[in-house]
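Peer 1: Quick one: sequence plus predicted model below, questions after.
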Amino acid sequence: QVQLQESGPGLVKPSQTLSLTCTVSGGSITSNYYYWSWIRRPPGKGLEWIGYITYTGTTQYNPSLKSRTSISRDTSKNQFTLQLSSVTPEDTANYYCARRDRFEYDYWGQGTQVSVSS
């Protein structure tokens with residue numbers, strides 16, 4: 001059974017960088033054909049895809065967030081990390097990490113609330 005767990009600060013100040021880590025157990029982030037994703041849900045809004053890092057380490061980002069987003073991985077720890085720079089209150093959301101195969105998201109973390117406020 002694959003499990004994902006988000007971790008990171010729940011409060012970030014405006015203009016700072018939000019940093020979250022997803023720790024994966026029960027499966028390797030280098031296993032073929034899986035895409036390791038970050039997704040968020042702002043209050044009262046729908047899910048927004050932020051980006052992913054693939055099993056080979058290739059990244060892809062939402063064009064609307066690309067200039068502020070970086071996703072990296074630590075294969076020795078089986079973790080992948082989201083960094084979102086220059087945050088504003090509009091970046092307040094529940095942030096999720098998830099695994100996607102070729103067709104769907106099959107495993108999700110429980111999510112972590114991040115608020116951007118001074």
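Peer 2: Done, it's in.
Peer 1: pLDDT weak spots in this structure?
Peer 2: Within the chain, no stretch has pLDDT under 70.
Peer 1: Which residue ranges of it form helices?
Peer 2: With DSSP state H, there are no helices along the chain.
Peer 1: ok, which stretches of it are strands?
Peer 2: Applying DSSP state E to the chain gives strands spanning 3-7, 11-12, 18-25, 35-41, 48-54, 59-61, 69-74, 79-84, 93-100, 105-108, 112-116.
Peer 1: Now render those as CSV, adding mean neighbour count.
Peer 2: In short, each C-beta sits where N, CA and C put it, glycine included. Converted to CSV, these look like this (neighbours: other C-beta atoms under 10 Å):
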stretch, mean neighbour count
strand 3-7, 17
strand 11-12, 16
strand 18-25, 20
strand 35-41, 22
strand 48-54, 20
strand 59-61, 16
strand 69-74, 17
strand 79-84, 21
strand 93-100, 22
strand 105-108, 15
strand 112-116, 17
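Peer 1: number of nearby residues for the residue lying closest to Glu90 once chain neighbours are set aside?
Peer 2: Take Glu90 and drop its neighbours on the chain: the residue closest to it by C-beta to C-beta, 6 or more residues apart in numbering is Pro42, 7.3 Å away. By other C-beta atoms under 10 Å, the residues close to Pro42 number 14.
Peer 1: For Pro42, list the residues it contacts.
Peer 2: 48, 90, 92-93 (C-beta atoms under 8 Å, 6 or more residues apart in numbering).
Peer 1: swap in Arg40?
Peer 2: Neighbour list for Arg40: 47-48, 50, 93-96 [criterion: C-beta under 8 Å, 6+ apart].
Peer 1: rerun that using 6 Å as the cut-off
Peer 2: Contacts for Arg40 (C-beta atoms under 6 Å, 6 or more residues apart in numbering) come out as 48, 50, 93, 95.
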